Structures are given as C-alpha cells and as structure tokens.
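K.L.:
coords please:
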Amino acid sequence: MRSLDELVQMMSKCRNDVDSELRKKIDVILTICEPYRNYGYSFRFDVSGDLDKDVNRILVLLSDALLEDFKSRAQGLTQKDDDKAVVYATGMRNGMTAQQRLDRHCSRLRYILEGWIAISFVLGWNKQQTKTKVMRYLNNPFGIPEWADALFDSRYMATILAEGDLNRRAGLMNSILASMSLVGEGVINDTYCYEAIREMAEAGVERYGVRRGSDFPCNACDEVCLHTYPITQIVVPVHPRCVCQTFPVYSDD
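P.N.:
Residues are numbered from 1 along each chain as shown. I've put the predicted structure just below:
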C-alpha cells in the first residue's frame, strides 16, 4: 500500500492536470468564437447551432480528459492489476458519479465563458487578452472588474449576465479550477481508502478502526474514529481531502 505522503502528493497533482486541460480547451473555444465577434452585446453560444454544438463537444472532451487523468493517477496508487478500486472511486457518491460532477462543473464553465467572451467582444479585447483574463481569474471568475459593470448593463444577452448563475448550487465553489480539482482528489482518495480496506480483507481482517491522519479540528472525523467497522463497510474518506487512516482490529484488541 502506498504511503500517506504519496497519497497527498498524488492528490496535489490534480490541480496541474485541471489547469493544463482548461488552458487547452479554453483556447479552442476562444478560437471558434472569433468569427462571432461582431455580435458584441448579443453574443451567446447559441447564436449559431454549429457553435453551440462545437462548444458542448469541447466541454465533453474536457470532462472526459480530466476523468481519464484522474483515473490514471488513482490506478497508480493501487499496485493491483485490476481496476476495482478505481471503478468504486468513480462511482456514485451522494447521488452523483465523478463523471457527472465534472459535467456539472463544465456546464458552469460554459456559461461563465460565454459571459467572459461577450464582455471581451464589447470591450474589444483580442483573443490573447481574453485568454489572459480568463486564466487569471479562474480562481474567482466573477472577480473581473468589468464583470460587475456588465451585470448592470441590460444590453448583454449572455445567460449568466442577463439571468445570473443558474447552475450555482449550494456547496459549489466559485472557482472552476478548484471544483474540478476536488473531483480528482476525491477519486484518488476514494481509491486509496478502498485499497487499504481491501488489503486488510485479503489478510483475513474482519473489522477495522480509523485514526486521525492530521491534527486539523474536525468533529466528523473525531466521531468516525470512535468506532470500529466491519471490513465490508467503507467509512473513509469522511470528507473531501480527509486523510484519516484505517487499521486492523483483532478480536483480542
């Protein structure tokens, strides 16, 4: 089993994976939008059926590419020939799979990009200026100074400027980069925890306990650490970026 340090290191690489894929896909989207610069305030991706389909296709490719990156990193933790742990880690969690979570973030990115591009066309930014702004504000997409002005300008037709962030949900971070990275970190962490429990099961362990992997205050983790669990029950990670560790419990413990 890989060490906790290796787990944390692997999780930390998700941010670079996301940043790299976002840069490539955003560049393509900005390029295919250039012929529609004259629309200005009226710009939306659906000004053309072909543009709308192409943008959606690129975002699907983004979601798929990120999931493959995350699965590849997770598989590197397992030291097993099969992919059972990765299948588990990318499966349903709180009503959504890893793919569905990425798709949700791509949907938000679609409307945010539409707003950015409309603003850039109105203000006359060239493609490189727009890309620089977009990447600079990936951690806070609504922090662009020009965004506040656009929200109060009724001439804009872009959905997010005219109607607000319709894809915003409770618990979602503003940062698309951080949100997508968190999905990858979850896949890797779930894979790690699955493998740890699986190895104990293969060694004949019937119950296990959980100990804190950090001293960061967390009532949820403290509660989980109070009990032991059958080897068939997976209770970790307790929350995103949780580093609580499992250990075998024997009958004479």
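K.L.:
what's stretch 16-34 in contact with?
P.N.:
43, 45, 51, 54-55, 58-59, 61-62, 65-66, 69-70, 73, 109, 113, 117, 127, 130-131, 134-135, 138, 176-177, 180-181, 184 (Cβ atoms under 8 Å, 6 or more residues apart in numbering). (C-beta placed from N, C-alpha, C; glycine too.)
K.L.:
in which helix or strand does the most centrally placed residue in the chain reside?
P.N.:
Closest to where the C-alpha atoms of the chain average out (Cα atoms, centre = their mean) is residue 180, at 1.7 Å. Under the criterion of DSSP states H and E, residue 180 resides in helix 176-202.
K.L.:
for that helix, the averaged confidence score.
P.N.:
What helix 176-202 shows for mean pLDDT is 96.
K.L.:
just the buried residues of it, please?
P.N.:
Going by neighbour count (16 or more other Cβ atoms under 10 Å), the buried part of helix 176-202 is 176-198, 200.
K.L.:
packing partners for it?
P.N.:
Helices and strands touching helix 176-202, as assessed by 3 or more Cβ pairs under 8 Å, 6 or more residues apart in numbering; DSSP states H and E, comprise helix 4-12, helix 14-33, helix 49-78, helix 84-89, helix 98-123, strand 245-249.
K.L.:
out of those, which comes closest to residue 149?
P.N.:
Nearest to residue 149, of all those, is helix 98-123, at 8.6 Å by Cβ to Cβ.
K.L.:
packing partners of the closest one?
P.N.:
Other helices and strands packing on helix 98-123, by 3+ Cβ pairs under 8 Å, 6+ apart, are helix 14-33, helix 49-78, helix 127-136, helix 145-151, helix 159-162, helix 176-202.
K.L.:
okay, buried residues for that helix please.
P.N.:
For helix 98-123, by 16+ other Cβ under 10 Å, it's 98, 101-106, 108-122.
K.L.:
hang on, residue 208 packs against residue 228?
P.N.:
Yes: under the criterion of Cβ atoms under 8 Å, residue 208 makes contact with residue 228 at 6.6 Å.
K.L.:
who has more neighbours, those two?
P.N.:
residue 208 (21 against 14; other Cβ atoms under 10 Å).
K.L.:
may I have the beta-bridge partners of that one?
P.N.:
residue 229, residue 248 (DSSP bridges).
K.L.:
hey, which helix or strand in this protein has the poorest pLDDT?
P.N.:
The helix or strand of the chain with the poorest confidence is helix 145-151; it has a mean of 90 (mean pLDDT, DSSP states H and E).
K.L.:
same for that helix, what does it pack against?
P.N.:
Under the contact criterion of 3+ Cβ pairs under 8 Å, 6+ apart, helix 145-151 touches helix 98-123.
K.L.:
got any ranges where this protein has weak pLDDT?
P.N.:
1, 166-172, 252-253 (pLDDT under 70).
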